[in-house]
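**Student:** structure, please.
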Amino acid sequence: MSLISATLMLFLIMDPLGNTPVFMAIMKHIDRKRQVKILIRELIFALIIMMAFLWAGEQILSFLNLRQEAVSIAGGIILFLIALKMIFPGEDGLAGLAAGDEPFLVPMAIPMIAGPSILATLLLMAHQDPTRMGEWSLALILAWLGTSVILISGGFLTRYLGERGLTAIERLMGMILIMLSVQMLLDGVAKYLHYAANI
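**Tutor:** All right, here's what the predicted structure looks like:
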């Protein structure tokens, strides 16, 4: 895998275009200037987590006695709960926050940016070719930079879409996230069952 193909793959897995309306919905009650600061903070958290998984993911999972399937299943559960709130919003808001409250680490940094799919991909890249860790790190940084630009500028869509447009996108993304979360759960369970059957 070349640097360009690795960067493109990681960028697509981060899915900044899909995450933009979700992030806007989570922070719609927060001042625009503050939104940018929160986004930058969450993006930095996500990069640190992804770098940690790239360089020490296998050791972390071994230390905690966790399998990679657990990452997928846990991420799927969290995304499913978030998606339900997108489709059926309650008074506590999309991320379980009151209007105006700031998200912190969950759900934006984890699992929206540094989700189970990209963490598992980084683990796999590091495991398959540990001699190219510098190249994998550069690919991750480039993909993260592209994602950051799209997410930070995504707020400008608000003025064109309006409140009703954002609500419609929020419901649509909720449906898509439910499907993705169920797929993550099924993948995690299937991999674990395959592992258990071969013990």
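
**Student:** from here on, contacts and neighbour counts on C-alpha atoms
**Tutor:** Fine.

**Student:** what packs against the lowest-mean-pLDDT helix or strand in the chain?
**Tutor:** Least confident helix or strand of the chain, by mean pLDDT, DSSP states H and E, is helix 68-87 with a mean of 76. For helix 68-87, the packing partners by 3 or more CA pairs under 8 Å, 6 or more residues apart in numbering; DSSP states H and E come out as helix 116-128, helix 157-197.

**Student:** how far is the first one from where the chain is centred?
**Tutor:** Just to be clear, that refers to helix 116-128. 14 Å (CA atoms, centre = their mean, to the nearest Å).

**Student:** angle of that helix against helix 157-197?
**Tutor:** If you take axes from the mean of the first three to the mean of the last three CA atoms, to 10 degrees, helix 116-128 sits at 50 degrees to helix 157-197.

**Student:** give me the contacts around helix 116-128.
**Tutor:** 10, 13-14, 50, 53-55, 57-58, 68, 71-72, 75-76, 132-133, 136 (CA atoms under 8 Å, 6 or more residues apart in numbering).

**Student:** of those residues, buried ones?
**Tutor:** Buried members of those, counted by 16 or more other CA atoms under 10 Å: 10, 13-14, 50, 53-55, 57-58, 68, 71-72, 75-76, 136.

**Student:** how much space separates Leu186 from Ser72?
**Tutor:** 9 Å (CA to CA, to the nearest Å).

**Student:** point out the most buried one among the helices and strands packed on helix 68-87.
**Tutor:** Across the helices and strands packed on helix 68-87, the average number of neighbours (mean count of other CA atoms under 10 Å) peaks for helix 116-128, which reaches a mean of 19.
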